[in-house]
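# Show me how the following folds:
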Amino acid sequence: MRVAIIHDWLVTYAGAEKVLEQIISIFPDSDIFCLVDFIPDNQRFFLNNKKTKCSVIQKLPMAESKYRNYLPLFPLAIEQHDIGDYDLIISSSHCAAKGVLTGPDQLHISYCHSPVRYAWDLQHQYLNEANYTRGIKSWLIRYLLHRFRIWDNRTANGVDHFVANSNYIGRRIKKVYGRSATTIYPNVAIQDFDLCIEKEDYYLTCSRMVPYKKVDLIVKSFSEMPDKTLVVIGDGPDFDKIKKSAGSNIQLLGHRPFNELKDRMQRARAFVYAAEEDFGIVPVEAQACGTPVIAFGKGGLKETVVDGKTGLFFDNQTVSSLCDAIQRFENTTLLSPSLIREHASQFSTERFKHEFSAFVMSKWEEHQLTLNGSSNK
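Numbers count the residues shown, from 1 in each chain. Below is the predicted model of the structure:
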């Protein structure tokens, strides 16, 4: 069985890449295809030091920093990967990877992190946040996204089985592609985080500072509560803007090494998260430390945080709603840190590898029976 793994792009080691790392560990002899690969040689451990096969976008001007600007070329570029000699194709897709061209005798399983958010139901949110609400450029972007949706929908026909990273994304797959999906939660490195029983009197948030993560909302909320301390870890394009709105009770630390992040996460009174996530790995990591989570109650976090037990939800992405949740948290008794960690353990790497491997092999056996039945006829 020759296996090809298709990933959208390789520019950092984040949640999708952690899933990719485990898929490669299940199929160590696989070949990897992607649109672009700019992972430095000293950080290729998660790729098992494999060489990847990139698209033509790899060599286009400023692709390393502006690869997203080539979105209109993604469909054509991903279709140029020749994977006709492979038996099993696994796409790790949140944009274009699932669009590779496959034949009737090939089995294509797509682990879908999400249908393209900014092309589908979140288009208007992204355009508003990027200030592309009017003008010629706005209409050009809207037209390109319209064309991308047509292609994206068509390519769903080339996928034999969808795997979603949460039930929430499963519902999005059903809405967008009209296809059912099996949920297999992503792997979280529970073993890298230690349980801490004794908590200190500060709140923590950690995120890349981009609009949809809503770090600005968290900072504004705690600025309204000067008696409470907030520690913010992470950087990004919105860092300076967020810093201007931060009160004296808020510490913005920027990017910090993993060991410091883990230490802060273990000792925090609670972890605060305001984004609508597909799954949300970092809140699970916080729970692995025995740290409760205060989160926006929509999206994948509804499946990883148990309201009133391992954390609390707030209903609206507003300052008043989050402030109310903080006050409720301070008057609510949740599960003990050890039980919160026990809850998080169900999202472990070992569980992911077992479930994904079993799913792929069961579909492979079904596929072989189908092919054998066709040949016998």
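# since we're on Ala295, how many residues are nearby?
29 (other C-beta atoms under 10 Å). All C-beta atoms are positioned from the backbone trio N, CA, C, and that covers glycine.
# Next: Val282.
The number of residues packed near Val282 is 21, by other C-beta under 10 Å.
# excluding its backbone neighbours, what's nearest it?
Spatial nearest neighbour of Val282, excluding adjacent residues (C-beta to C-beta, 6 or more residues apart in numbering): Cys206 at 5.8 Å.
# got a list of what the one you found touches?
232-234, 261, 265, 271, 282 (C-beta atoms under 8 Å, 6 or more residues apart in numbering).
# Take these and keep only those in strands.
Members of the contacts of Cys206 lying in strands (criterion: DSSP state E): 232-233, 271.
# of the contacts of Cys206, buried ones?
Applying 16 or more other C-beta atoms under 10 Å to those, the neighbour count classes 232-234, 261, 265, 271, 282 as buried.
# a markdown table for those residues, including distance to Lys213 and pLDDT?
Output for those, formatted as a markdown table (distance: C-beta to C-beta, whole Å; pLDDT from 0 to 100):
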| residue | distance to Lys213 | pLDDT |
| --- | --- | --- |
| Val232 | 11 | 97 |
| Ile233 | 12 | 96 |
| Gly234 | 8 | 93 |
| Leu261 | 16 | 96 |
| Met265 | 17 | 98 |
| Phe271 | 14 | 98 |
| Val282 | 10 | 95 |
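# Out of the residues you listed, flag the one nearest to Val100.
Checking these against Val100 with C-beta to C-beta, the nearest one is Val282 at 30.1 Å.
# show me what contacts that closest one?
Per C-beta under 8 Å, 6+ apart, neighbours of Val282: 206-207, 271, 273.
# coming back round to it: beta partners for the residue nearest to Val282?
Beta-bridge pairing of Cys206 under DSSP bridges involves Ile233.
# burial of Ala325, as a residue count?
24.
# who touches the closest residue to Gly247 other than its chain neighbours in this structure?
Using C-beta to C-beta, 6+ apart and skipping residues adjacent in sequence, the residue nearest Gly247 is Ser223, 3.7 Å away. Residues in contact with Ser223 (C-beta under 8 Å, 6+ apart) are 245-247, 249-250.
# Distance to Ile294 and pLDDT for those - can I get that in TSV?
Putting the contacts of Ser223 into TSV (distance: C-beta to C-beta, whole Å; pLDDT from 0 to 100) gives the following:
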residue	distance to Ile294	pLDDT
Ser245	19	89
Ala246	18	93
Gly247	18	91
Asn249	16	97
Ile250	16	97
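# Can you tell me which of those residues are buried?
Among those, the ones that count as buried by 16+ other C-beta under 10 Å are 246, 250.
# want to throw the contacts of Ser223 into a markdown table with distance to Val319?
A markdown table is the format used below for the contacts of Ser223 (distance: C-beta to C-beta, whole Å):
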| residue | distance to Val319 |
| --- | --- |
| Ser245 | 11 |
| Ala246 | 14 |
| Gly247 | 12 |
| Asn249 | 15 |
| Ile250 | 14 |
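# In helices, which of the contacts of Ser223 appear?
Among the contacts of Ser223, no member is found in helices (DSSP state H).
# State the pair within the contacts of Ser223 that is farthest apart.
Greatest spacing in the contacts of Ser223, by C-beta to C-beta: Ser245 and Asn249 (12.5 Å).
# Okay then, goodbye and thanks.
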